[in-house]
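**Q** The sequence and its predicted three-dimensional model are supplied below.
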Amino acid sequence: MRKGEFLNLITLLFLFSVYSQSTITGKVVAITDGDTFKLLTKDSTLIRVRVANIDCPERKQPFSKKAKQFTSDAIFDKYVKVEEFKKDRYGRSIAYVYYDNKNLSKELLKAGFAWHYVKYSNDKTLQKLEEIAKSNKKGLWLDPHAIAPWDWRSNKKKRKK
């Protein structure tokens, strides 16, 4: 491949990644848990949204209810902007969520109600927010033995077998 063709290919890939994100606005009509909610769009489409780059405690984990309440207080019954960049295996939109000029992923991390999901994100800002919350013992970081949701899910699967 010649240098010019390579640069054209890189440019096309960049443009595709920029324009493959879709921005949706709508009203939050239900909170499923700390990192998942339902959005009703202007055309009455109901979309399940999973907040990008973080993972909140699972339903039976400590701080699950507080994470859900935080998300509810932040966005329930409000209009939000969602930047979807992919769908997960459950059909949910994985998205950046913005409300009141805030990023929900960052706010959950600052409050100590989520882990930075490093398996899917290498965002250094999000990692720093988690570290600050942890060092200040905010939210779930009050528990010195807090178990990340992905580890909790894995342990739960092992117990079933």
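**A** Structure received.
**Q** And residue 48, how far from residue 87?
**A** According to CB to CB, to the nearest Å, residue 48 and residue 87 sit 10 Å apart. (Each C-beta comes from the backbone N, C-alpha and C, glycine too.)
**Q** which neighbours do those two share?
**A** Residues within reach of residue 48 and of residue 87 at once, by CB atoms under 8 Å, 6 or more residues apart in numbering, are residue 93.
**Q** neighbour count winner among those two?
**A** Comparing residue 48 with residue 87 by other CB atoms under 10 Å, the one with more neighbours is residue 48, at 16 against 13.
**Q** which residues sit in contact with the nearest residue to that one once chain neighbours are set aside?
**A** Closest residue to residue 48 apart from its sequence neighbours, by CB to CB, 6 or more residues apart in numbering: residue 92 at 4.4 Å. Residue 92 is in contact with 36, 48-50, counting by CB under 8 Å, 6+ apart.
**Q** What ranges in the protein fall below the confidence cut-off?
**A** Within the chain, the stretches with pLDDT under 70 are 1-20, 157-161.
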